[in-house]
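K.L.:
Provide a 3D model corresponding to the input given below.
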Amino acid sequence: MTVERMVLALAGSLIVIAILLGILVHPYWYAVAAFLAADLAQSSITGCRPLAWLLRRAGVRYGNVFHD
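P.N.:
As a prediction, the model looks like this:
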């Protein structure tokens, strides 16, 4: 699995989990989903993606999208 796929899979999964927790536990969990969505939007504009950097440092290979 490449860095790109891992970043998108983790972000998407965490957003879904936060929305479910917002429905089932407490509405404050929607703030986590909003933060993750804003982080994805910021990453698409600025190219700054800390999770991709951490994964690359861990030895995960890049695909065709994220490059330093």
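
K.L.:
Could you use CA atoms for every contact and neighbour count after this?
P.N.:
Noted.

K.L.:
what does the helix or strand hosting residue 9 contact?
P.N.:
Using DSSP states H and E, residue 9 sits in helix 3-24. For helix 3-24, the external contacting residues (CA atoms under 8 Å, 6 or more residues apart in numbering) are 27-30, 32-33, 36-37, 40, 51-52, 55-56, 60-63, 65-66.

K.L.:
7 Å instead, please
P.N.:
28-30, 32-33, 36, 51-52, 55-56, 60-63, 65-66 (CA atoms under 7 Å, 6 or more residues apart in numbering).

K.L.:
Let's see the ChimeraX selection covering just the buried ones among these.
P.N.:
Buried members of those can be picked out in ChimeraX with the line below, counting by 16 or more other CA atoms under 10 Å:
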select :29,30,32,33,36,52,55,56,60,62,66
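
K.L.:
Next, count neighbours for residue 15.
P.N.:
Residue 15 has 21 neighbours, counted by other CA atoms under 10 Å.

K.L.:
measure it to residue 7 for me?
P.N.:
Computed as CA to CA, to the nearest Å, the residue 15 to residue 7 distance reads 12 Å.

K.L.:
per-residue pLDDT, the residue most central in space within the chain?
P.N.:
The centre of the chain sits closest to residue 11, judged by CA atoms, centre = their mean, with a distance of 2.8 Å. What the model reports as pLDDT for residue 11 is 91.
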